[in-house]
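Colleague: My questions concern the predicted model and sequence given below.
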Amino acid sequence: MPAGPSEAAPTVSPWAPLRGSTFRVLWAATLLANIGTWVRDVGSGWLMTSLSPSAFAVALVQVATTLPIFLLSLPAGVLADLVNRRRLLIGLNIVLATVSLTMAWTTHAGHMTATALVASLLIAGIATALAQPVQQSLTPLMVGQPSLLRPAIALNSLGFNVSRAIGPALGGLLIGSVGVAAAFAVDALSYLGLIAALWWLRSASTPASSGPPERFASALRGGLRFALHAPALRRILLRALLFFGFASAYWALLPLIARRELGGDAGYYGIVLASIGAGAVAGAVALPTLRKHLSAEATLRLGTSITIACLLGLAASRDKALAAGVLALAGAAWIAVLTTANVAAQTSLPNWVRGRGLALYLTLFYGAMAVGSLVWGALADALGVRPALACAALAGALGLVVAWRRPVSELEPDLRPAMHWPEPVLSDERSANGHGHGPVMVTVEYLIEPAQRDGFLVALHAFAPERQRDGALQWDVFEDAAQPGRFVEVFMLPSWDDHLRQHARVSHADAALQRVVRSFHRGPQVPKVEHWLGHRSMTG
């Protein structure tokens, strides 16, 4: 992968999406809600250091907020592609507000325990797990134009990190002057703006895809099948797993770094969290310029290398100001990796599977954070905080070596539906008798010059993942034993409705691959396509 300038660099202003009122309102409301979440997280982490002296217990605070997202993001992604997203998001934000209000009252009354705190955060984590893929899947709908998608994703990351800069500082101020209960109360209030924005945003009810509706289990399998046969997405998921697994160390251990290793108070804890956020904001602002000179792969490598250096710096630092500076640099590296990976994931996903694809990304992201937090918390209890940070840096170096052999793609294919396949025909008799609901076998016959067999097979096998990404359960190709150069491509789908959905999912990038395959065809007409209906229900 070249490390030079990216041909896919943004050609529009990084601020262009904010000119649209729909994106602007939802962005601002999400910013306020995220500020409240960071205020709550600061209060939770600091409160746990008072409720329990264990590093493992402190790490559980992050585990409680990330583990549900790891476990539930994929089902939530299916919901994002199937349900009324606006109603679901409104309900989930009401749940989040209620949980934080309950935490505020329990803490103020003096009844909060370590177990109750973790349980409350688990409930909030479940609601967040269900909400995140749904809300992220709205981004293309909010901006409309494909050219605005990249800057919109970057602005979402910027807003998240502006909240990271403001929220911890506000949380530290509230904890120091009023108390932890006030931090939870502020979080509860912060969701009101997002609920109001979603109530106003009627367009969020637009379904993710057209065509026959899918059942939950079928949609879940479809999302997994897409990821299995999408090499670009698989590489992005691998990079997320490698980076966030080791980078989770300083997030999980930050309350102990601030309080135990550096002797800081609640105000200092808020300062170091704000330092990360400020660094992330600076990184988000600088990222569009950086991406004009570095490819996505080079940006990921640079961010990973800086994070490794920051972990080693935290392990060695005894100075509060120096540690805050190191964490600001870590925040800039974090946002560079996070935004680059998120943009790569979003631009590799067509709209019909966007919620499920983003859910897979979030599953690995938060799974790496949750498992990493448990590992680094256990190591900190066994070896100490500083050795645990050094071990995380070593894990990052090993991950960087692995990632060197699996670079992400710089290409951004045109994933808009091509709609170039002729509509398949199901006879009225078959439809009335229910035969359209069983398995479907599609055959495509090609007549090829025998001398071009190898080139044709290479092109056809390159096109085969498209069939499987868009719904095919099985795929194969056969050559006529009696007539060299006569090939039949065969693929199976669960039902006629699945084949109709497959027609609607073929993108312009897929159509380009298909044109290469058809260029080998030498028959008098286009390749012959036939549809065969099964007479039994397909299982599995």
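Modeller: Now that the structure is in, tell me what you want to look at.
Colleague: Run through the helices of the stretch 151-300 of the chain in chain order.
Modeller: 180-200, 216-228, 231-256, 266-291, 296-316 (DSSP state H, counting those that start in this stretch).
Colleague: and of those, who's closest to residue 87?
Modeller: Between residue 87 and the helices of the stretch 151-300 of the chain, the tightest spacing by C-beta to C-beta is seen for helix 180-200, at 8.7 Å. C-beta: built from backbone N, CA, C; applies to glycine.
Colleague: Report how many residues lie close to the spatially closest residue to residue 220 that is not a sequence neighbour.
Modeller: In this structure, residue 220 finds its nearest non-sequential neighbour in residue 78, 5.0 Å apart by C-beta to C-beta, 6 or more residues apart in numbering. Residues lying near residue 78 (other C-beta atoms under 10 Å) number 25.
Colleague: can I assume residue 78 sits in a strand?
Modeller: No. According to DSSP: H, G, I helix; E, B strand; the rest coil, residue 78 belongs to no strand; its state is helix.
Colleague: Going forward, the N-terminal residue is numbered 297.
Modeller: Right, with 297 as the first residue, what we last looked at is residue 374.
Colleague: Give me the pLDDT for it.
Modeller: As predicted, residue 374 sits at a pLDDT of 77.
Colleague: rewinding a little: now for the helices of the stretch 447-596 of the chain, which one comes closest to residue 777?
Modeller: helix 512-524 (31.5 Å).
Colleague: With distance to residue 659 added, can I get the helices of the stretch 447-596 of the chain in JSON lines?
Modeller: Formatted as JSON lines, those follow (distance: least, C-beta to C-beta, whole Å):
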{"stretch": "helix 476-496", "distance to residue 659": "23"}
{"stretch": "helix 512-524", "distance to residue 659": "10"}
{"stretch": "helix 527-552", "distance to residue 659": "9"}
{"stretch": "helix 562-587", "distance to residue 659": "22"}
{"stretch": "helix 592-612", "distance to residue 659": "19"}
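Colleague: So for residue 814, which of those helices sits nearest?
Modeller: helix 527-552 (22.6 Å).
Colleague: relative to helix 512-524, how tilted is that closest one?
Modeller: 100 degrees (axes from the mean of the first three to the mean of the last three C-alpha atoms, to 10 degrees).
Colleague: Look up how far residue 570 lies from the closest residue to residue 462 other than its chain neighbours.
Modeller: Spatial nearest neighbour of residue 462, excluding adjacent residues (C-beta to C-beta, 6+ apart): residue 331 at 5.3 Å. Residue 331 sits 12 Å away from residue 570 when distances are taken as C-beta to C-beta, to the nearest Å.
Colleague: which residues are common contacts for these two?
Modeller: Common contacts of residue 331 and residue 570 (C-beta atoms under 8 Å, 6 or more residues apart in numbering): residue 462.
Colleague: Residue 642: which of the helices of the stretch 447-596 of the chain is closest?
Modeller: Of the helices of the stretch 447-596 of the chain, nearest to residue 642 by C-beta to C-beta is helix 527-552, at 9.7 Å.
Colleague: thought the residue nearest to residue 516 was touching residue 655?
Modeller: Yes. Between residue 374 and residue 655 there is a contact at 7.4 Å, judged by C-beta atoms under 8 Å.
Colleague: Need the overlap of contacts for those two.
Modeller: Common contact partners of residue 374 and residue 655 (C-beta under 8 Å, 6+ apart): residue 519.
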